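> below: sequence and its predicted model.
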Amino acid sequence: IIWHSDILSHVQHSKTPTSSASQYFVAYPHNYTFRLDEPIRCQQESPFLVLMIPVAIHNREARDIIRNTWAKETTVLGKVVSHFFLLGVSSEGDKLLDEQVLQESRRHKDILQSSFVDSYNNLTIKTMVMFEWLSSHCPNTSYAMKVDSDMFLNVQKLVDMLLKAPQHLYLTGLVARYAAVLRDQTSKWFLPVSAFPEPTYPPYALGLGYVFSLDLPQKILEASLHVKAIYIEDVYVGLCLRHIGIAPTDPPHSGLFMAMMPLSTSSCYWTSVITTILGSSQQLLDVWRMYETQTQSDC
């Protein structure tokens, strides 16, 4: 099966196909700084697993719903789980929004805001800043997961998988193999030959949600010094992994990381998967109720 992340996003990008290849790369490496930070939480809590959730700065609703669903699972199978939301800054310089996010940060202590402009085209920057933060702040953590804000996440199933997983040089999720580079100029993920001459991408885990051991962030950051940063973030992580001779690992079962919710679900579906992409934050509330019901049944 050839997967590509164009099944996963609802956001259009604004590339001009006739302009230079440089527009398909982003400003990384670069010295971005954190405007809002939680510099000691990871060391204080020493979590087994850290959930890193990239989310648009204006999307307070998604953050609140996640806090009240899967992010409230802070001790799972005897292991500590922490979460952080990763934001950039508004392109409009919205002072009211900045103040609202500051107050949200003071209340919940789970926001990391870096100085890059928060946009779809800067998702690669957001991911690399995530790796920077994990590498420097979480010395006692075993695993982290980058998980999008429109996802259902079964933290119990995830921790159960990680208790049996490799502890080093490990990254897993829904792995794309032999994905063709899209040369159609109308595609959301168009890349010209001048920006990336190879016909297919190396293996990579789709950006909806992937899990990795905490020895990988520093190695990916070192690779980024040698691999030009394309704007397609999950592919770029795969390129960095290839540079250091590491391939993503398929999960132990094929149905754990789901790109889309099936048309019909079994009575135990939500306890059997780790991730499923949803249509909206509101849908997560409904799904979470079903998940909690299933956890209390014979599933």
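Good, I have the coordinates.
> now do the buried residues in the longest strand that the chain contains.
Using DSSP state E to define each element, the chain has its longest strand at strand 79-89. Residues Lys79, Val81, Ser82, His83, Phe84, Phe85, Leu86, Leu87, Gly88, Val89 are the ones in strand 79-89 that count as buried (16 or more other CB atoms under 10 Å). Yep, even glycine has a C-beta here, placed from its N, CA and C like the rest.
> Leu214: which of the residues you listed is nearest?
Taking CB to CB as the measure, Leu214 lies nearest Ser82 of the buried residues of strand 79-89, at 12.5 Å.
> now do the same contact list for the closest residue in space to that closest one that isn't next to it in sequence.
Once flanking residues are discounted, Ser82 sits nearest to Pro47: 4.1 Å by CB to CB, 6 or more residues apart in numbering. By CB atoms under 8 Å, 6 or more residues apart in numbering, Pro47 lies in contact with Lys79, Val80, Val81, Ser82, Cys138, Thr141.
> wait, the last one touches Arg41, no?
What it means is Thr141. No. Between Thr141 and Arg41 there is no contact, the gap being 11.2 Å when judged by CB atoms under 8 Å.
> partner strands of the helix or strand hosting Lys146 and their direction?
Secondary structure from DSSP states H and E places Lys146 in strand 143-147. Strand 143-147 sits in its sheet next to strand 49-54 (parallel), strand 209-213 (antiparallel), going by DSSP bridges.
> biggest separation within the contacts of Pro47, which pair?
Lys79 and Cys138, at 14.1 Å, using CB to CB across the contacts of Pro47.
> what bridges to Phe257?
Here Phe257, judged by DSSP bridges, has bridge partners Thr275.
> burial count for it?
As a burial measure, Phe257 scores 25 neighbours (other CB atoms under 10 Å).
> quick one: contacts for it?
Phe257 makes contact with Thr172, Gly173, Leu174, Leu206, Leu208, Gly209, Pro251, Val273, Ile274, Thr275, according to CB under 8 Å, 6+ apart.
> now the strands for this protein?
For the chain, applying DSSP E gives strands covering 34-36, 49-54, 75-76, 79-89, 111-117, 143-147, 151-153, 171-172, 175-176, 204-205, 209-213, 257-258, 275-277.
> who does the fifth one pair up with?
The strands that strand 111-117 pairs with in its sheet are strand 34-36 (antiparallel), strand 79-89 (parallel) (by DSSP bridges).
> which residues does the most centrally placed residue in the chain contact?
Central residue of the chain (CA atoms, centre = their mean): Lys146, 3.1 Å from the mean position. For Lys146, the contact set (CB under 8 Å, 6+ apart) comprises Met52, Pro54, Thr127, Met130, Gly207, Gly209, Tyr210, Phe212.
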